[in-house]
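Peer 1: Below: sequence and its predicted model.
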Amino acid sequence: MILHPGMLALLAASLIIAAMALGGAGLGYQILRRWDPTSGSELQLILERRTTLVSTLLAWAFGLEFLSLFLFAGVADSLHSQFVGAMCAAGVLNASATGYPLLILKMANVLLAGSWLIVNHADTRATDYPLIRAKYVTLLVAAPLLIAEAVLLVLFAGALKPHVITSCCGSLFSSQTETMVGEMAPFPFRPMAIVFLVSLGAVLAAGWHTWKTAKGGILLALLSFAAFIVVLASILSWVGPYVYELPTHHCPFCLLQREYHFIGYPLYGLLFAATVSGMGAGILVPAKRKPSLKMIVPGLQRSCAAASVVLYGLLFLLIAALVATSNLKLL
Amino acid sequence: MALLERQRRLLDFTLSSLLRRKGKNGALVAVYALTIFLLASVLFFGESLRREASIILADAPSLVVQRMMAGRHELIPDSYADQVRSIRGVRSVKPRLWGYYYDPLSGANYTIVTSEERKNGTIAIGSGVASTRKLAVDDVLPLRASKGDTMLFTVAEVLSEESALASADLMIVTPADFREFFAMPAGFATDLIVDSGNPRECSTIAEKIAIRLPDTRPIVREEILRTYDAIFGLRSGMVLAVLACAVIAFLIFAWDKATGLSAEERAEIGILKAVGWDTSDVLLMKFWEGTVISVTAFLAGTALAYAHVFLAGASLFEPALKGWSVIYPAFRPTPVFDPAQIVTIFFLTVVPYIAVTVVPVWRAATIDPDAVMRT
Amino acid sequence: MIELRDVTKIYNRSRANEFVALRNVSFGVPERAVTVLKGPSGSGKTTLLTLMGAMARPTSGRVLLSGREITSLPERFLAGIRRSTFGFVFQQLNLIRGLSALENVLIPAYPTDASYASIRGRGRELLARMNVSHREHERVERLSGGEAQRVAIARALINDPQAVIADEPTAHLDTKLSREFMEIVAAMKQDGRTLIIASHDPIVYESPVVDAVLPLRDGMIAEEHR
């Protein structure tokens, strides 16, 4: 067990998020069971007011989830000095079997949370709660995931023992290892850069199209998710080496360190925000079938698409700037 | 823009209603700021100790070999150096001379180290030595040598204060002067410094030394750093765990304040709802209220903590967190500012504050709009 | 403008303190006219005002505003309607103590998208029209009864509502001030607003500006009708 202040903060945040999600899901379940929009009873009014509480709770919980992803990365990074062999977060996460599953679950939860907030926003724009069932059923699925995340974090914190000898990012993200991330790292620079350009080009074009016409939401969502994976792979393959100015250094975590001006935070922040916006445009497509949302959804889709175009654009500019100012020449 | 205007107006309204209830909100901010102050002091202090230790150790050699006799540190013969030199991976081995000198005049212990680059008869001293003995460059410092005679040293330099803890008590002389002063026999050194070329091989080399020279103790710098890190982290973690009680007490207080709305406040929210504010508008106003309170308390708490730790020498926590406070009574932590600490404090105080006030705020915001008409 | 169809409002339903405030009321409020709800206290006047002013929902029956059903709209939409369509003058005035007259007037405009400058300008203009400009920065608890009511009326008009709803507006005013209030009512009617006033004060319901009087008794419309 490591009693590190940052770890305590992370545990507190995670427990609060889990409690809020659990509360939200519980209220959501009650609301689903007794919901009757045709009734003028006081009960219905109380239930409607509770939907505001659920929205508020989850807006906070999911906002915190987004922030805590970065806190998690930062804490894992700052713990590296306590582990033999660890030089950044990569080694710390590797020090316990729950480290990487936790990171992946956290990333998935952030994407899920962002999507839920978009659907929730759409629902509050209509006068008849058209998405209430979809919303709260999803919540019943999402709450266990957030609770699982809190449990994994407790296990992770409990299993961390400073004397464990772990591998550093150099051995984790090098060509010799056979882990999944290890497989990604040796992706040759040039083809990976081309895939990156094609993928970002496609997502920007699809985003532009949806922005202007409110059509092609599903395609934009798929391309956004693809771009998410491609950008992560590109960071491993060539963005990292450009930042470190070392063709053999592929670590995605060292970007978070002070030596590299904490550049990882804006980089990953933009990536997550852009992906959620792009996915939002697709997730809203089924909502178009609801009569009360027919007029509202296209506007929301266009806002999502506009946000994704701007955010992916900024992400592209940021990466381009990193490449342009680097002393390394790979391509 | 319209959205911003709206936020600005709600913020304006929030500020004026906060000011109308100075007493209640002032008490909340004070307790809030005190909690943040305690937490932030612990974190700032722990971090500055860690920094201090790593500054000291940054210049320390990556591997040091000491000879042990009967469990105590002994002088190491030069022949040991040759044995270590023959280990594969060792690039160079240097004997090192250092020791302590008790100065009866100032009643303090000074650390004496050697440097080949100095001139015989001269000395470089730390800022602590300079101030206790009131010395400046070119002054003469008489010191009482081991055999009872007095040796005179000319002060050649006063060391800068990058880390007060590391250099305050330092004196630097030449190896020849050192041996004469302490009457140390030739062919022996205090310990050996091993340079391995590749720092990652230090632990392997250390193991080999321990096998080949069983009466020695190899000390790896990384090991010391890690131990310090873990100890400082653990200590401040433990103090934080104790402070959790303070945070919880504050949260109960905040929850109580948020739940126990006065009749006047309820009536006000009722009026707002009646004239056309929506629940979400009231929630937004309450959000701004929470933000103003949190930001005020946060700034006040962290600023006070900063002053407490770095200007007042953390007088409240010194005994709890510092191991060497006995030796260095005038320890002044080097100011460090780490964004991660600010984020940590935020997550440990503001986030729980938000969490406990969500439900009471929602309750207040869902007052019936027709309540003011039905009374 | 507002139509109620077979509206019933029951408070604390299926509880010991159940109370039927309105029973099967059907009624239409004419546009650009002054309608007075007359009746003793407890006759359901206030409840009727809350239903017409989109403050509460009926237990059964329907409420239509300019032909649009608002009966089962979520509260957040009702709040929007309340803000943009209605101005309210309450019996207790309900000004917020500690704030100045002008600040009180601006409150209903805070959640709208209008610019700060424009609502301030409008607030000043309304206070001037109500002859209380000179008291603009005075805290409301220092105003006289008549001044306070003028501030309350200015607040009701800040979002330029179609209709103004007043609950017992003359209850705390002497005869002179009550007559002055009716003059303001006449002026508002002149501006093309719909007025709905609940009152059992003869100065109000016998005033020549009143177009319709709806007598209420025990939550139902009483027989005598003008």
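Peer 2: Okay, I see it.
Peer 1: Please enumerate the helices of chain C.
Peer 2: Assigned by DSSP state H, the helices in chain C fall at C:45-52, C:75-85, C:101-106, C:116-129, C:145-157, C:175-190, C:202-205.
Peer 1: need the ones you listed in TSV with mean pLDDT, mean neighbour count and distance to B:H308, can you?
Peer 2: For every residue, glycine as well, the C-beta is placed using N, CA and C. Shown next, in TSV, are those (pLDDT from 0 to 100; neighbours: other Cβ atoms under 10 Å in any protein chain shown; distance: least, Cβ to Cβ, whole Å):
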stretch	mean pLDDT	mean neighbour count	distance to B:H308
helix C:45-52	92	25	55
helix C:75-85	91	20	46
helix C:101-106	94	26	40
helix C:116-129	92	16	41
helix C:145-157	93	23	48
helix C:175-190	93	16	61
helix C:202-205	92	17	66
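Peer 1: can you tell me how far C:K189 sits from C:V34?
Peer 2: Distance of C:K189 to C:V34, given as Cβ to Cβ, to the nearest Å: 6 Å.
Peer 1: which residues do those two both contact?
Peer 2: Here C:K189 and C:V34 have C:195, C:209 as joint contacts, going by Cβ atoms under 8 Å, 6 or more residues apart in numbering or on different chains.
Peer 1: Now do the same contact list for residue 145.
Peer 2: Because you didn't say which chain, this covers chain A. Contacts of A:L145 by Cβ under 8 Å, 6+ apart are A:105, A:108-109, A:112.
Peer 1: I was thinking of chain B, sorry if that wasn't clear
Peer 2: B:A145 neighbours (Cβ under 8 Å, 6+ apart): B:151, B:180-183.
Peer 1: Now do the phi/psi pair for it.
Peer 2: Dihedral angles of B:A145 (phi, psi; degrees, to the nearest 10) stand at phi -80, psi 170.
Peer 1: Just the pLDDT for it.
Peer 2: Looking at B:A145, its pLDDT reads 85.
Peer 1: Compare the helices of chain C and report which one is nearest to chain B.
Peer 2: Closest to chain B of the helices of chain C, according to Cβ to the nearest Cβ: helix C:75-85, at 2.9 Å.
Peer 1: Please export the C-alpha coordinates of that closest one as PDB.
Peer 2: The C-alpha trace of helix C:75-85 is given here as PDB (Å, rounded to 0.1, in the frame of the first residue of the first chain):
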ATOM      1  CA  GLU C  75     -40.800  22.500 -15.100                       C
ATOM      2  CA  ARG C  76     -37.800  24.000 -17.000                       C
ATOM      3  CA  PHE C  77     -40.100  24.900 -19.900                       C
ATOM      4  CA  LEU C  78     -42.800  26.300 -17.600                       C
ATOM      5  CA  ALA C  79     -40.100  28.500 -16.100                       C
ATOM      6  CA  GLY C  80     -39.200  29.800 -19.500                       C
ATOM      7  CA  ILE C  81     -42.900  30.500 -20.300                       C
ATOM      8  CA  ARG C  82     -43.300  32.200 -16.900                       C
ATOM      9  CA  ARG C  83     -40.400  34.400 -17.500                       C
ATOM     10  CA  SER C  84     -41.200  35.500 -21.000                       C
ATOM     11  CA  THR C  85     -45.000  35.600 -20.900                       C
END
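Peer 1: picking that back up, I'd like to know which of the helices of chain C is closest to chain A.
Peer 2: helix C:75-85 (5.7 Å).
Peer 1: which helices and strands sit right next to the closest one?
Peer 2: Helix C:75-85 sits against helix A:42-78, helix B:279-306, with contacts defined as 3 or more Cβ pairs under 8 Å, 6 or more residues apart in numbering or on different chains; DSSP states H and E.
Peer 1: Name all residues that make contact with the residue in the stretch 251-375 of chain B that chain A sits nearest to.
Peer 2: Residue of the stretch 251-375 of chain B nearest chain A, by Cβ to the nearest Cβ: B:F347 (3.7 Å). For B:F347, the contacting residues are A:9-10, A:12-13, A:67-68, A:71, by Cβ under 8 Å, 6+ apart.
Peer 1: Could you single out the nearest of those residues to chain C?
Peer 2: Out of the contacts of B:F347, the member with the shortest distance to chain C (by Cβ to the nearest Cβ) is A:L67, at 27.3 Å.
Peer 1: okay, now the closest one: neighbour count?
Peer 2: The tally of other residues near A:L67 (other Cβ atoms under 10 Å in any protein chain shown) stands at 18.
Peer 1: can you check the one 5 residues further on too?
Peer 2: Residue crowding around A:F72 was assessed by other Cβ under 10 Å; the count is 24.
Peer 1: unless I'm mixing things up, it is touching A:L103, no?
Peer 2: Yes. Counting by Cβ atoms under 8 Å, A:L103 is a contact partner of A:F72 at 7.3 Å.
Peer 1: picking up where we left off before, mind giving me the PyMOL select for the contacts of B:A145, buried ones only?
Peer 2: Burial among the contacts of B:A145 is assessed by 16 or more other Cβ atoms under 10 Å in any protein chain shown; the matching PyMOL selection reads:
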select buried, chain B and resi 151+180+181
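Peer 1: ok, for residue 140, nearest residue in space, not its chain neighbours?
Peer 2: Picking chain A for this. In space, A:L140 comes closest to A:A25 once its chain neighbours are excluded; the distance is 5.4 Å by Cβ to Cβ, 6 or more residues apart in numbering or on different chains.
Peer 1: ah, no, chain C please
Peer 2: Nearest to C:V140 is C:L95, by Cβ to Cβ, 6+ apart, at 4.2 Å.
Peer 1: ok, the spatially most central residue of chain C - contacts?
Peer 2: Residue closest to the mean C-alpha point of chain C, counted by Cα atoms, centre = their mean, is C:I165 at 1.7 Å. Shown in contact with C:I165 (Cβ under 8 Å, 6+ apart): C:49, C:52-53, C:86-89, C:195-197.
Peer 1: Return the member of those residues nearest to B:G128.
Peer 2: Distances from B:G128 to the contacts of C:I165, taken as Cβ to Cβ, are shortest for C:F88 (74.4 Å).
Peer 1: What about the residue of the stretch 201-350 of chain B found nearest chain C, how many residues nearby?
Peer 2: Using Cβ to the nearest Cβ, the single residue of the stretch 201-350 of chain B nearest to chain C is B:G276, 2.9 Å away. The local packing of B:G276 (other Cβ under 10 Å) involves 31 other residues.
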